[in-house]
Structures are given as structure tokens and as C-alpha cells.
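Q: Please work out how this folds:
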Amino acid sequence: MGGQVDFACNNAPTVIAQAQGGRVRPLLVTPQRLKELPDAPSAKEAGFPDMEKIVGWTALMGPAGLSKPIVDKWADVFQKLAKDPDWQAGNARIGGIAAIRSPAETEKYVREQYEMYSKLAAALGMRQ
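A: You can find the predicted model right below:
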């Protein structure tokens with residue numbers, strides 16, 4: 001927006017207002033089209049299907065060995081949250097795409113993301 005950067009990748013909620021206001025131009029979105037940016041194609045539509053794997057995400061982590069009852073309680077809280085219409089509406093309002101996963105699915109997803117970004121960094125010479 002200040003003219004110092006020609007290209008950037010950001011989480012949609014941080015740039016939707018600027019894109020809607022014409023201050024930045026979205027080239028594509030991941031993993032799917034956003035109603036807030038109807039003219040921005042998905043990565044797949046733009047010819048970059050592998051980029052669908054690159055998304056912003058957040059996970060709740062705890063210390064190794066966290067007791068099963070505590071893990072189960074948090075998993076239950078998030079499953080209830082995923083069904084809350086007010087939370088869903090608020091998340092959608094900022095361009096969020098919810099993916100509430102089980103603890104095992106989260107562990108697998110985080111591992112896959114780590115491996116993907118490690119390979120990308122190595123391929124770009126960003127890591128030795």
C-alpha cells in the first residue's frame with residue numbers, strides 16, 4: 001500500500017478491507033474463493049493447484065504429555081464452537097474458513113505443514 005512491496009502473501013482477514021478498497025489487488029486466494037473477494041480466483045482456478053496447501057492456520061497446543069482428560073475437554077469445546085452460529089458468522093465476516101480438527105487430525109496437519117514449508121524453504125535456498 002505504501003509502494004515498498006510489489007508482492008506479498010497474507011491471511012485474507014488482514015487484507016480484505018484493503019482489497020475491497022482498491023489499495024491492493026488480490027491475485028488469488030487459497031484454499032477456495034471468498035465471497036468478500038468475488039473477483040479473486042482460487043489458486044486452482046489461477047493454475048496453481050499446489051498453492052491450495054498454503055493457508056493460514058491456528059492451532060491450540062499444549063505441553064508434551066498433556067493428560068487425555070484435558071485434551072478431550074479442549075476437543076469437546078472446539079467441536080461445540082464449530083457448531084455455534086454466532087462464532088461461524090463472526091469467523092465468516094472476517095474471511096475465515098474454519099477447519100476444526102480432532103487432536104489426531106491436528107497433529108497430522110501440523111506435521112504436513114511443517115514438512116511442506118521445510119521443503120519449500122530448502123528449494124528456495126532459504127535453509128541449509
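Q: domains of the chain?
A: Taking automatic domain parsing as the domain assignment, the ranges for the chain are 1-52, 57-128.
Q: Can you say which of the ones you listed is packed in most?
A: Mean neighbour counts were compared across the domains of the chain using mean count of other C-beta atoms under 10 Å; the top stretch is domain 1-52, at a mean of 13. The way it works is simple: take the backbone N, C-alpha and C, and place the C-beta from them, glycine included.
Q: Could I get the domains of the chain in CSV, plus columns for mean pLDDT?
A: Converted to CSV, these look like this (pLDDT from 0 to 100):
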stretch, mean pLDDT
domain 1-52, 86
domain 57-128, 88
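Q: confidence score at the residue most central in space within the chain?
A: Closest to where the C-alpha atoms of the chain average out (C-alpha atoms, centre = their mean) is Gly56, at 2.4 Å. Gly56 is assigned 78 on the pLDDT scale.
Q: phi, psi of it?
A: The phi/psi pair for Gly56 (degrees, to the nearest 10) reads phi -80, psi 140.
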